[in-house]
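**Q** give me coordinates for this.
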Amino acid sequence: MNTNPDLDLNLAVAPHLPAVARPRPLARIPLVVKLAFTAFMTVLVPVYWAEYGPTNFLYFCDLALFFTLVAVWRESALLAGMAAVGIILPQMLWCADFMAHLAGLKLLGLTNYMFDAHRSKFLRGLSCFHGWLPFLLLFLVRRLGYDRRALPAWTAVAWGAMVISYFLLPAPGARLANPLAPVNVDYVYGLSDTVAQAWLPGWMWFGFLLAALPVVILLPSHWFLCRFAGWPTPPRKHRNTAGR
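**A** Got it, this is the predicted structure:
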């Protein structure tokens, strides 16, 4: 027998919503998490702006930081889900590449900059968020649930960032006044920051990325998060044979 009046109220107000999306009356994200993440962002944003410049915030992982910041305070399943579906898989690859680099192995080269002596240890320390952010997002999804609208919403955000990066930001090998300013943001010119890919014409590579992102990265993450958040399997519809 259910003895939770809050749960009874939620069921009465929104009986059609799945369990993970029903409103809950109490805060689901601990205050210490909100304050700690906010403190981290108040340090990272001005430092990154000064060292890398504002265009650095068009990287998916950096965009996810801002969505996460709003999500923890608003306790928004949609915003947390957008950040999670967008970066969990790439950041897990980042973690694997970083651990391989520590072991003296070359994997993907995603974390080479973490071992660049030209960058301060403090700056590289801030970039360690790539290693813990996906686990924070999994925690948020577990607490808040996963809103399936996160997939199309993040796809639109990612495509917008890629369009800006391709048409307005520097290509690989560009000589910039700030040597730490990013080039080839979101890999719109290829996988290297020094030279553009030569397998395909530039516009074709860019079109391939736009099409491949939701299929190769976002959809698998979406399916995983649906199961991780506890989305129930839709019940089978039984035909009503009464009166026959």
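
**Q** alpha carbons only for contacts and neighbour counts from here, please
**A** Will do.

**Q** gap between residue 182 and residue 229?
**A** According to C-alpha to C-alpha, to the nearest Å, residue 182 and residue 229 sit 35 Å apart.

**Q** show me the helices in the protein, by range?
**A** 5-13, 31-51, 60-74, 77-102, 121-126, 129-144, 150-168, 202-212, 219-228 (DSSP state H).

**Q** let's have the ones you listed in TSV, adding mean neighbour count and distance to residue 188.
**A** Below are those laid out as TSV (neighbours: other C-alpha atoms under 10 Å; distance: least, C-alpha to C-alpha, whole Å):
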stretch	mean neighbour count	distance to residue 188
helix 5-13	13	45
helix 31-51	14	21
helix 60-74	20	12
helix 77-102	22	15
helix 121-126	13	24
helix 129-144	20	20
helix 150-168	17	6
helix 202-212	15	6
helix 219-228	16	20
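
**Q** so which of these gets nearest residue 110?
**A** Nearest of the helices of the chain to residue 110, taken as C-alpha to C-alpha: helix 77-102 at 6.1 Å.

**Q** by contact count, what packs against that closest one?
**A** helix 60-74, helix 129-144, helix 150-168, helix 219-228 (3 or more C-alpha pairs under 8 Å, 6 or more residues apart in numbering; DSSP states H and E).

**Q** and the third one, how far out from the chain middle?
**A** Mean-position distance between helix 150-168 and its chain equals 12 Å (C-alpha atoms, centre = their mean, to the nearest Å).

**Q** list the helices and strands that helix packs on?
**A** On a contact count with 3+ C-alpha pairs under 8 Å, 6+ apart, helix 150-168 meets helix 77-102.

**Q** assess the claim that residue 34 and residue 73 are in contact.
**A** Yes - at 6.5 Å, residue 34 counts as touching residue 73 under the criterion of C-alpha atoms under 8 Å.
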